[in-house]
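> I need the structure of the sequence given here:
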Amino acid sequence: MANIQRRTTASGETRYQVCIRLKGFAPQTSTFDRLTDAKRWAAKIETEMREGRFFQANARPKHKVSDAIDRYQREILPNKSSSTIRDQSQQLEWWRKEIGTLHLHDLTPAVIAGCKTKLAATPMPPRGKAVNIEPVYRSASTVTAYLRVMSHLCSTAEREWEWLERNPVMAVKKPKLNNARSRFLSDEERARLLQECKNFPDLYLAVVLALSTGARKNEIWDLRWHQIDLDRQSITLHLTKNKEIRVVPVVGEALAILRERQALRPRPNDHLFPGKVEGKSFDFRKQWEHCIAAAQLHNFRYHDLRHTAASYLAMSGATLPELAEILGHKTLQMVKRYAHFTPDHKKSVVERMVSAYL
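As a prediction, the model looks like this:
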């Protein structure tokens with residue numbers, strides 16, 4: 001039968017340790033953060049023991065975390081988008097470096113929680129040639145992304161491979177997300193950045209497209225020529241975050257550059273920005289970090305070009321529904337952060353109402 005003991009750790013946290021002793025089986029123990037989880041696990045294991053369905057942990061293959069990462073990268077990761085493969089490959093390699101030598105049955109919520117703390121507290125390695133810059137830490141959303149891929153790996157190992165009894169990541173509290181970041185370029189910063197990007201013509205076009213369309217990084221970097229209709233002056237985005245097709249107008253300098261490039265023949269492939277690897281788009285990260293450092297921009301990410309475009313649209317009189325449609329947001333909540341850029345537009349609306357009715 002199961003025995004559950006309540007214990008208090010040195011840090012003052014409460015844990016519930018379960019020990020199951022049943023004739024014919026080795027004692028089974030496990031520790032949980034919640035009493036409900038402890039009771040549920042005890043009931044499950046006892047039922048499996050009595051019904052002959054219990055597979056003892058010591059009889060399981062002693063797979064390591066690195067073995068699970070290898071199998072995940074081999075069987076699961078190739079089915080995802082190219083941008084997801086790039087990001088999650090980097091995240092999985094971080095997990096391999098930290099806990100790759102651990103056996104899966106030693107992977108506990110406490111281990112995952114320790115990794116979560118380290119992810120948030122350790123500065124990210126600098127990119128480019130920038131020196132003497134302030135350390136940059138992973139945001140809450142980035143830490144959550146690391147936890148998400150590890151959770152999916154553990155769930156797959158539990159449900160499909162039968163390498164784990166339960167997913168330890170599920171018991172770890174995720175960081176509180178703050179999506180209110182709205183860093184955008186000043187006029188002086190924009191001029192400096194564009195001047196530096198002119199040293200890299202492809203990157204310059206990618207930045208101009210981001211500023212004039214508000215499209216996301218992967219939507220621009222992975223662009224194909226067949227998505228671009230210069231006659232209608234529009235770009236059709238297929239690989240959107242919301243999994244919905246979105247059409248954005250392309251005008252001004254971006255349109256002029258695209259027309260110049262369309263006249264160049266032949267093109268190596270359908271990619272607007274062909275990469276060094278056949279069939280892949282170019283990765284601008286090194287060039288981008290170089291330009292950011294040279295332009296002396298602090299705490300500015302490529303995604304902030306999207307915030308900058310949104311702020312320009314708002315200051316040009318775009319309404320919140322118009323902003324949401326152009327940027328590809330399903331709700332108005334995400335564009336409310338730009339409302340403070342539109343006081344003159346709201347004032348004109350009120351003035352029209354007053355002149356007509358009061």
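> pLDDT weak spots in the stretch 251-358 of the chain?
Under the criterion pLDDT under 70, the flagged ranges of the stretch 251-358 of the chain are 265-266, 268, 337-354, 357-358.
> all helices for it, in order.
252-262, 285-294, 304-315, 320-327, 343-357 (DSSP state H, counting those that start in this stretch).
> for residue 53, find the nearest of these.
Nearest to residue 53 among the helices of the stretch 251-358 of the chain is helix 285-294 (49.5 Å), distances taken as CB to CB. Using the backbone N, CA and C atoms, a C-beta is placed for each residue, glycine as well.
> report the buried residues of that closest one.
287-294 (16 or more other CB atoms under 10 Å).
> just name the most buried of the helices of the stretch 251-358 of the chain.
helix 304-315 (a mean of 21; mean count of other CB atoms under 10 Å).
> may I have it as PDB, with CA atoms only?
Output of helix 304-315 as PDB, limited to C-alpha atoms (Å, rounded to 0.1, in the frame of the first residue of the first chain):
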ATOM      1  CA  ASP A 304      11.500  45.800 -32.700                       C
ATOM      2  CA  LEU A 305      11.400  46.800 -36.400                       C
ATOM      3  CA  ARG A 306       7.900  45.500 -36.300                       C
ATOM      4  CA  HIS A 307       7.100  47.700 -33.300                       C
ATOM      5  CA  THR A 308       8.700  50.600 -35.100                       C
ATOM      6  CA  ALA A 309       6.500  50.000 -38.200                       C
ATOM      7  CA  ALA A 310       3.400  49.800 -36.000                       C
ATOM      8  CA  SER A 311       4.300  53.100 -34.200                       C
ATOM      9  CA  TYR A 312       4.700  54.800 -37.600                       C
ATOM     10  CA  LEU A 313       1.400  53.500 -38.800                       C
ATOM     11  CA  ALA A 314      -0.300  54.700 -35.600                       C
ATOM     12  CA  MET A 315       1.300  58.200 -35.900                       C
END
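> tell me the helices and strands packed up against that helix.
Secondary structure elements in contact with helix 304-315, counted by 3 or more CB pairs under 8 Å, 6 or more residues apart in numbering; DSSP states H and E, are helix 201-213, helix 320-327.
> can I get the ones you listed in CSV including distance to residue 336?
Conversion of the helices and strands packed on helix 304-315 to CSV gives the following (distance: least, CB to CB, whole Å):
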stretch, distance to residue 336
helix 201-213, 21
helix 320-327, 7
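> and residue 302, which of those is closest to it?
helix 201-213 (7.4 Å).
> other SSEs contacting the closest one?
Other helices and strands packing on helix 201-213, by 3+ CB pairs under 8 Å, 6+ apart, are helix 187-197, helix 217-221, helix 252-262, helix 285-294, helix 304-315.
> export those to a markdown table and tack on distance to residue 156?
A markdown table is the format used below for the helices and strands packed on helix 201-213 (distance: least, CB to CB, whole Å):
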| stretch | distance to residue 156 |
| --- | --- |
| helix 187-197 | 41 |
| helix 217-221 | 24 |
| helix 252-262 | 42 |
| helix 285-294 | 29 |
| helix 304-315 | 32 |
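> closest one to residue 321 among those?
Closest to residue 321 of those, according to CB to CB: helix 304-315, at 11.9 Å.
> what's the angle from the closest one to helix 187-197?
Interaxial angle of helix 304-315 relative to helix 187-197 (axes from the mean of the first three to the mean of the last three CA atoms, to 10 degrees): 140 degrees.
> what about residue 168, neighbour count?
As a burial measure, residue 168 scores 21 neighbours (other CB atoms under 10 Å).
> distance of the closest residue to it other than its chain neighbours from residue 236?
Setting aside the residues directly before and after it, residue 168 is nearest to residue 109 in space (CB to CB, 6 or more residues apart in numbering), at 4.8 Å. As judged by CB to CB, to the nearest Å, residue 109 and residue 236 stand 45 Å apart.
> repeat for residue 87
24 Å.
> repeat for residue 229
Distance from residue 229 to residue 236, by CB to CB: 7 Å.
> have a look at the two and say which one is more surrounded.
Taking other CB under 10 Å, residue 229 and residue 236 do not tie; residue 236 has more neighbours (15 against 12).
> let's verify the more buried one: helix, strand, or coil?
Using DSSP: H, G, I helix; E, B strand; the rest coil as the criterion, the local structure at residue 236 reads strand.
> what about the stretch 1-150 of the chain, any weak spots by pLDDT?
55-61, 126-133.
> can you give me the helices for it?
Using DSSP H, counting those that start in this stretch, the helices found in the stretch 1-150 of the chain span residues 35-50, 65-75, 82-99, 109-121, 140-159.
> could I get those helices as TSV with distance to residue 262 and mean neighbour count?
Below are these laid out as TSV (distance: least, CB to CB, whole Å; neighbours: other CB atoms under 10 Å):
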stretch	distance to residue 262	mean neighbour count
helix 35-50	60	15
helix 65-75	38	18
helix 82-99	24	16
helix 109-121	44	17
helix 140-159	36	18
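> walk me through the domains of this protein.
With domains defined by automatic domain parsing, the chain comprises 2-59, 65-171, 187-355.
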